[in-house]
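S.K.: Here's my sequence, what's the structure:
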Amino acid sequence: MSNSFGELFRITTWGESHGGGVGVVIDGCPPRLELTEADIQPDLDRRRPGQSSIVTPRKESDTVQILSGTFEGKTIGTPISMMVKNEDMRPEAYSEMASKYRPSHADYTYVAKYGIRNWQGGGRTSARETIGRVAAGAVAKKILKLSFGVEVLAFVSQVKEIKATVDPATVQFSEVESNIVRCPDAAAAQKMIELIESMRAKGDSVGGIVECVIRNAPPGWGEPVFDRLEADLAKAMLSLPATKGFEIGSGFSSIYLTGTEHNDPFRMIDGKVRTTTNRSGGIQGGISNGELIHFRVPFKPVATVMHEQETVDVENKNTTLKGRGRHDPCVLPRAVPMVEAMAALVLVDHALRQKAQCL
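M.R.: Next up, the predicted model:
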């Protein structure tokens, strides 16, 4: 079972939804980086449950503790271990799931692979696993900002059929955080919130799209042929719970253009090689070209709904199951820091790989 991600900046997450806690070990973080829990906590607060009326009401403070890898507030080049304790477990809400497979969850597939599963809250398949990713991503974002001037910013651009009108090149963090759905278009955000609240009232769920922009990434990051920058970003995003796709630059809409229409012409601007358009999404040949990196990630509706559905039990007999417990009617608001974290982890790894290979 693969629980590690990255080459030079490598993370390993651990823990289950209803165990003692969850966390991450970072190996390869450069030394002398100023780092305390205060650098990590803000992103965990953006990811935590119970933060608004449109996310799961599970009450978790998600308070992070750095266990190793720092001394007097700075990294020392050794593995950094971070932990968040689980506080509000209610395994009794999942007792029926011990003998029945939840539709569109990983219950059946985990049994098919391992012959055993943790049915309490989904165990390792729970989105609580992403706490470790977000904690590590906060470290990666700090390195990217301080050492390379790179900014990673994600936002909700669509919930079901409701689309935001946003210029990815100019969207700001304050706009994203101005509402509970994390959509920088205030008018669209209000409609999204109303839709999500109606889905919760009906015991149903809804999905949508998170977009991400990476600003000031220099040209040259990416490792063709198999570790292309967009390939690693795609793998990172599709490793997140509930993701169903990845689209960068012009994406699927590129099929409607000719080569002449789609190409990004080069031009010298202020002494730098630039492109006059950015249909490539900031990456060409698997390597960053210095332009804005822009991609989109669709998240499916949350699988747990409060309606009776057909399923199969552990004895392979037909039965039914109705969702119980505390769940997000829409994962998107909490997915924003997850997308940022995984993007930052990919970028910092490639930044270090580039520095390692070039004199």
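S.K.: Now do the helices in this structure.
M.R.: 37-47, 107-114, 130-143, 173-176, 186-201, 229-238, 259-262, 332-357 (DSSP state H).
S.K.: Would you tell me which of these gets closest to Asp27?
M.R.: Among these, the nearest to Asp27 by C-beta to C-beta is helix 130-143 (10.3 Å). C-beta coordinates here come from the backbone N, C-alpha and C atoms, glycine included.
S.K.: Now do that closest one against helix 229-238, angle only.
M.R.: Angle, helix 130-143 to helix 229-238, by axes from the mean of the first three to the mean of the last three C-alpha atoms, to 10 degrees: 140 degrees.
S.K.: What lies in contact with helix 130-143?
M.R.: Helix 130-143 is touched from outside by 9, 11, 13-15, 22-24, 26, 29-30, 33, 35, 39-40, 42-44, 46-47, 62, 64, 80, 82, 84, 152, 240-241, 337-338, 340-345, 347-348, 351, with contacts defined as C-beta atoms under 8 Å, 6 or more residues apart in numbering.
S.K.: on that earlier part again, so for Thr165, which of the helices of the chain sits nearest?
M.R.: Smallest distance to Thr165 across the helices of the chain (C-beta to C-beta): 6.9 Å, for helix 186-201.
S.K.: Which elements pack onto that closest one?
M.R.: Under the contact definition 3 or more C-beta pairs under 8 Å, 6 or more residues apart in numbering; DSSP states H and E, helix 186-201 sits against strand 151-159, strand 162-163.
S.K.: and those strands as a markdown table, adding mean neighbour count, mean pLDDT and distance to Val302?
M.R.: Below are those laid out as a markdown table (neighbours: other C-beta atoms under 10 Å; pLDDT from 0 to 100; distance: least, C-beta to C-beta, whole Å):
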| stretch | mean neighbour count | mean pLDDT | distance to Val302 |
| --- | --- | --- | --- |
| strand 151-159 | 24 | 98 | 12 |
| strand 162-163 | 20 | 98 | 17 |
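S.K.: Now distance to Thr260 too, for the ones you listed, in a markdown table please.
M.R.: A markdown table is the format used below for these (distance: least, C-beta to C-beta, whole Å):
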| stretch | distance to Thr260 |
| --- | --- |
| strand 151-159 | 29 |
| strand 162-163 | 29 |
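S.K.: for those, which one sits closest to Val206?
M.R.: Nearest to Val206, of all those, is strand 151-159, at 6.1 Å by C-beta to C-beta.
S.K.: on that earlier part again, out of the helices and strands packed on helix 186-201, which comes closest to Gln284?
M.R.: strand 151-159 (19.9 Å).
S.K.: Report the angle between that closest one and helix 130-143.
M.R.: Using the same axes, to 10 degrees, strand 151-159 lies at 130 degrees relative to helix 130-143.
S.K.: Report the strands that pair with strand 151-159, each with its relative direction.
M.R.: Sheet pairing for strand 151-159, assigned by DSSP bridges, gives strand 162-163 (antiparallel), strand 208-215 (antiparallel).
S.K.: got a list of what Glu16 touches?
M.R.: Here Glu16 is in contact with 22, 118, 120-121, 123-124, 126, 128-129 (C-beta under 8 Å, 6+ apart).
S.K.: Give me the nearest residue to it, chain neighbours excluded.
M.R.: Gly123 (4.4 Å; C-beta to C-beta, 6 or more residues apart in numbering).
S.K.: could I get the strands paired with strand 151-159 as TSV with distance to His105?
M.R.: Shown next, in TSV, are those (distance: least, C-beta to C-beta, whole Å):
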stretch	distance to His105
strand 162-163	26
strand 208-215	20
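S.K.: just these: most buried one?
M.R.: strand 208-215 (a mean of 23; mean count of other C-beta atoms under 10 Å).
S.K.: quick one: it to helix 332-357, angle?
M.R.: Between strand 208-215 and helix 332-357, the angle comes out at 30 degrees (the same axes, to 10 degrees).
S.K.: CA atoms only for strand 208-215, dumped as PDB, please.
M.R.: The C-alpha trace of strand 208-215 is given here as PDB (Å, rounded to 0.1, in the frame of the first residue of the first chain):
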ATOM      1  CA  GLY A 208     -18.200  20.700  -8.700                       C
ATOM      2  CA  ILE A 209     -14.800  22.100  -9.700                       C
ATOM      3  CA  VAL A 210     -11.800  23.400  -7.900                       C
ATOM      4  CA  GLU A 211      -9.400  25.500 -10.000                       C
ATOM      5  CA  CYS A 212      -5.800  26.200  -9.000                       C
ATOM      6  CA  VAL A 213      -3.300  28.800 -10.200                       C
ATOM      7  CA  ILE A 214       0.400  28.800  -9.600                       C
ATOM      8  CA  ARG A 215       2.100  32.200 -10.000                       C
END
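S.K.: Just the mean pLDDT for that strand, thanks.
M.R.: Regarding strand 208-215, the rounded mean pLDDT is 98.
S.K.: ditto for stretch 252-265
M.R.: Taken as a whole, stretch 252-265 has a mean pLDDT of 97.
S.K.: isn't Pro184 right next to Val166, touching?
M.R.: Yes - counting by C-beta atoms under 8 Å, Val166 is a contact partner of Pro184 at 5.4 Å.
S.K.: More neighbours: which of those two?
M.R.: Remark: of Pro184 and Val166, Pro184 carries more neighbours, 26 against 20, as counted by other C-beta atoms under 10 Å.
S.K.: pLDDT at the more buried one, what is it?
M.R.: pLDDT, read off for Pro184, is 98.
S.K.: got the contact list for Ser81?
M.R.: Counting by C-beta under 8 Å, 6+ apart, Ser81 touches 23-26, 66-69.
S.K.: With that, I have no additional questions.
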